[in-house]
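*Asks:* Requesting a structural model of the entry that follows:
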Amino acid sequence: NSHEAGLINQAPTDIRGTPVGAPFMAPEKPQTGRINPAPTDVPQNVSRGAIYGARETEKSIHLSLWPEMKNKYIDDELENKWYNLIQFRPVVLKALEEKRASGGIGSSLEAQVDIVLSKDNEFLKDFQLLLPEIFIVSAVNLREASAVGTSQCAVPTIQVSKAKGQKCPRCWNYSEKIGEDKQYPELCPKCVLAL
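*Replies:* Model (predicted):
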């Protein structure tokens, strides 16, 4: 047979000596005390580095402990900012839906959103570059309340209008900067950067 001829490489084995990735063989005794997700060889292979070249630290991934939580990665201020953003997003989505229902826009990518900042939504400044992707629109402009001549109010002022510029055929976002790149004149700067 081919195994005896040395044509098959030695596969790594699990703690029972069974080659990892071998077909399932029913144990002689029922293993009711241990329940593992199937296929059990996948996490075993990953932990042994069969896929990513990691070092072998445990006899089996199924015998290892859960990783310990490291407090240095806990950032309450950042968590609060993301929580506030997640709470603010439905307000923007409602304004987009109202504009869509009135026929002002088709999809949300046809929209530009202008938000007047107040004390309650100043955290949006920290997400300025991510806001178009988070709200799924082509552009988001943040304006200070003093710059637009309004006072601070509890209800956020959100205006939705048709996005300016042309539609990028790659990402479908609208941009006024389409055509600025000579190599990809039909694409927006974000798509040019991605290519």
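*Asks:* Going along the chain, name the helices of the protein.
*Replies:* 41-48, 76-101, 131-135, 189-194 (DSSP state H).
*Asks:* Including mean pLDDT and distance to Ala163, could those helices go into TSV?
*Replies:* The way it works is simple: take the backbone N, C-alpha and C, and place the C-beta from them, glycine included. As requested, the helices of the chain are exported to TSV (pLDDT from 0 to 100; distance: least, Cβ to Cβ, whole Å):
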stretch	mean pLDDT	distance to Ala163
helix 41-48	64	43
helix 76-101	93	11
helix 131-135	94	10
helix 189-194	90	14
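*Asks:* Would you tell me which of those gets closest to Trp172?
*Replies:* Proximity to Trp172 (Cβ to Cβ) singles out helix 189-194 among the helices of the chain, at 10.1 Å.
*Asks:* Listing request: residues of this protein with sub-threshold pLDDT.
*Replies:* 1-59, 61-62, 146-155 (pLDDT under 70).
*Asks:* still on that earlier bit, can the helices of the chain go into TSV with extra columns for distance to Gln166 and mean neighbour count?
*Replies:* Output for the helices of the chain, formatted as TSV (distance: least, Cβ to Cβ, whole Å; neighbours: other Cβ atoms under 10 Å):
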stretch	distance to Gln166	mean neighbour count
helix 41-48	45	18
helix 76-101	20	14
helix 131-135	16	18
helix 189-194	12	14
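*Asks:* Quick one, which of those gets closest to Ser64.
*Replies:* Proximity to Ser64 (Cβ to Cβ) singles out helix 41-48 among these, at 7.4 Å.
*Asks:* And the helices of the chain: which comes nearest Lys162?
*Replies:* That would be helix 76-101 among the helices of the chain, by Cβ to Cβ, at 8.9 Å.
*Asks:* just checking, what packs against that closest one?
*Replies:* strand 111-117, helix 131-135, strand 157-162 (3 or more Cβ pairs under 8 Å, 6 or more residues apart in numbering; DSSP states H and E).
*Asks:* if we can go back for a sec, save the helices of the chain as JSON lines, and put in distance to Ser175 too.
*Replies:* Below are these laid out as JSON lines (distance: least, Cβ to Cβ, whole Å):
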{"stretch": "helix 41-48", "distance to Ser175": "41"}
{"stretch": "helix 76-101", "distance to Ser175": "18"}
{"stretch": "helix 131-135", "distance to Ser175": "10"}
{"stretch": "helix 189-194", "distance to Ser175": "7"}
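*Asks:* can you tell which of these is closest to Lys167?
*Replies:* Checked against Cβ to Cβ, the stretch from the helices of the chain lying closest is helix 189-194, at 11.6 Å.
*Asks:* Next one: the closest residue to Gln183 other than its chain neighbours from Val116, what distance?
*Replies:* Nearest residue to Gln183, sequence neighbours excluded (Cβ to Cβ, 6 or more residues apart in numbering): Val192, at 7.5 Å. Distance of Val192 to Val116, computed by Cβ to Cβ, to the nearest Å: 32 Å.
*Asks:* Also Leu187?
*Replies:* 32 Å.
*Asks:* Next, the contact list for Val92, please.
*Replies:* By Cβ atoms under 8 Å, 6 or more residues apart in numbering, the contact set of Val92 is 113, 115, 135, 158.
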